[in-house]
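Student: Test case, fold it:
(one chain, ligands or ions: 1)
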Amino acid sequence: MNKVLVTGGKGMLATDLIYFLKKENYEVISVDIEELDIIKEKDVHEFILKTKPNILINSAAYTAVDKCESEPISEKINGEALKFLSQACANSSVKLIHFSTDYIFSDNFTKPISENEKTNPINAYGKGKLIGEENILKEDNLDYSIFRVQWLYGKNGKNFVDTMLKLSETKNEISVVSDQIGRPTSTKFLAELVVKTLSLNLKGIYHLGPKDECSWFDFASYILKDKNTKVLPIPSSAYPTPAKRPFYSVLGLEKINSELKDKILEKTWKELVDEYLKRS
Ligand SMILES: NC(=O)c1ccc[n+]([C@@H]2O[C@H](COP(=O)([O-])OP(=O)(O)OC[C@H]3O[C@@H](n4cnc5c(N)ncnc54)[C@H](OP(=O)(O)O)[C@@H]3O)[C@@H](O)[C@H]2O)c1
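Tutor: Presented below is the predicted three-dimensional model:
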């Protein structure tokens with residue numbers, strides 16, 4: 001079980017995944033859209049037959065949440081393509097690992113959301129990702145894990161931490177929404193965690209993230225704690241975006257904590273930010 005095909009291989013999470021996979025001596029085949037466009041059904045089938053991986057980690061996605069509202073291609077990449085990937089994996093007995101999002105849930109939660117809560121996405125990105133999950137679940141004889149994650153940042157992608165740091169170079173004050181709560185998650189942490197789960201061969205849907213949660217305002221304030229820029233809390237209503245976001249979408253972690261006993265799950269979001277800020 002050591003040959004892993006990573007799709008969307010140039011992405012923010014994928015590049016950290018590839019690092020930890022190689023560190024643990026997995027044989028990695030990494031492809032991005034130039035080598036394998038996951039919305040091309042025939043190419044997906046042929047590529048999997050040709051490369052014969054044991055595991056396919058699908059990190060390819062259309063992740064510009066606001067643009068998803070006006071770009072129908074996003075539903076093809078985040079939703080429909082999972083039908084092709086699932087069928088090709090089931091046909092060749094390849095384990096499929098896929099990433100989904102907290103945005104598949106509605107706006108009605110007040111405590112951490114468990115894996116079996118009812119889904120009801122409030123934006124197009126969430127709808128597309130939910131179609132992707134449903135396509136995986138529909139495929140008989142497919143060995144799969146779906147990891148739902150949220151608020152990712154990593155050194156190989158455009159992300160909130162870098163945006164705040166960049167803004168602090170020119171602004172004395174930055175206003176950040178304080179009424180949306182989630183788990184800020186570094187892709188380095190997530191990649192290490194996902195690679196740790198491979199030996200457990202987890203099956204089904206799991207929520208992953210650091211042990212605690214915060215608002216975007218708390219997150220920004222911590223990122224800029226050593227800068228001279230002041231962070232001001234504002235309500236979501238003062239920062240309208242094309243895609244609606246849930247106020248409270250903290251993914252509950254009981255399931256992963258009951259199945260993986262590892263210190264990595266004790267990490268706090270602040271520790272992850274500290275690690276990220278110290279990166280070379
Ligand atoms: N970022 C977050 O905060 C977040 C939150 C929740 C869940 N997730 C999920 O976590 C996973 C990883 O996210 P990420 O932030 O690392 O994504 P990312 O950095 O946007 O990487 C996605 C990669 O997929 C590529 N891609 C796009 N369309 C493709 C296609 N048709 N075929 C093959 N590759 C294609 C992208 O190429 P281009 O850059 O050229 O388009 C990019 O290299 C995704 O499933 C995402 O939905 C992310």
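
Student: In this model Val194 seems to touch Leu260, though I could be wrong.
Tutor: No. Between Leu260 and Val194 there is no contact under CB atoms under 8 Å: 10.6 Å. From N, CA and C alone the C-beta is placed, and that goes for glycine too.

Student: For the two, work out which one has more neighbours and name it.
Tutor: The neighbour comparison of Leu260 against Val194 (other CB atoms under 10 Å) goes to Val194, with 25 against 18.

Student: Name the residues of the helix or strand encompassing the more buried one that are buried.
Tutor: Here Val194 sits within helix 187-197, counting by DSSP states H and E. For helix 187-197, the neighbour count (16 or more other CB atoms under 10 Å) marks Thr187, Lys188, Phe189, Leu190, Ala191, Glu192, Leu193, Val194, Val195, Thr197 as buried.

Student: Repeat that for stretch 205-218.
Tutor: Those would be Ile205, Tyr206, His207, Leu208, Gly209, Pro210, Glu213, Cys214, Ser215, Trp216, Phe217, Asp218, for stretch 205-218 by 16+ other CB under 10 Å.

Student: what do you get for stretch 59-79?
Tutor: Result for stretch 59-79 [16+ other CB under 10 Å]: buried residues 59-63, 65, 68, 71, 74-75, 77-79.

Student: Pull the most distant pair out of these.
Tutor: Farthest apart among the buried residues of stretch 59-79 by CB to CB are Ser59 and Glu71. That separation is 19.3 Å.

Student: export the buried residues of stretch 205-218 to CSV and tack on pLDDT, secondary structure and distance to the ligand?
Tutor: Converted to CSV, the buried residues of stretch 205-218 look like this (pLDDT from 0 to 100; DSSP: H, G, I helix; E, B strand; the rest coil; distance: CB to the nearest ligand atom, whole Å):
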residue, pLDDT, secondary structure, distance to the ligand
Ile205, 98, strand, 13
Tyr206, 98, strand, 13
His207, 98, strand, 11
Leu208, 98, coil, 10
Gly209, 98, coil, 10
Pro210, 98, coil, 14
Glu213, 98, coil, 14
Cys214, 98, strand, 15
Ser215, 98, strand, 16
Trp216, 98, helix, 12
Phe217, 98, helix, 17
Asp218, 98, helix, 17
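
Student: tell me the contacts of the residue in the stretch 151-280 of the chain positioned nearest to the ligand?
Tutor: For the stretch 151-280 of the chain, the residue closest to the ligand is Leu152, as judged by CB to the nearest ligand atom, at 3.5 Å. For Leu152, the contacting residues are Met12, Leu13, Asn159, Thr185, Ser186, Thr187, Leu190, by CB atoms under 8 Å, 6 or more residues apart in numbering.

Student: run the last query once more with 7 Å
Tutor: By CB atoms under 7 Å, 6 or more residues apart in numbering, the residues touching Leu152 are Met12, Leu13, Thr185, Thr187, Leu190.

Student: got it, and His98?
Tutor: Residues near His98 by CB under 7 Å, 6+ apart: Asn58, Leu82, Gly132, Ile136, Tyr144, Ile146.

Student: Next: Lys10.
Tutor: Counting by CB under 7 Å, 6+ apart, Lys10 touches Asp32.

Student: Could you report the pLDDT at it?
Tutor: pLDDT, Lys10: 98.

Student: what does Ser280 give?
Tutor: pLDDT at Ser280 comes out at 50.

Student: Look up which residues are beta-bridged to the residue of the stretch 151-280 of the chain closest to the ligand.
Tutor: Listed beta-bridge partners, Leu152: Thr185 (assigned using DSSP bridges).

Student: This completes my enquiry, with thanks.
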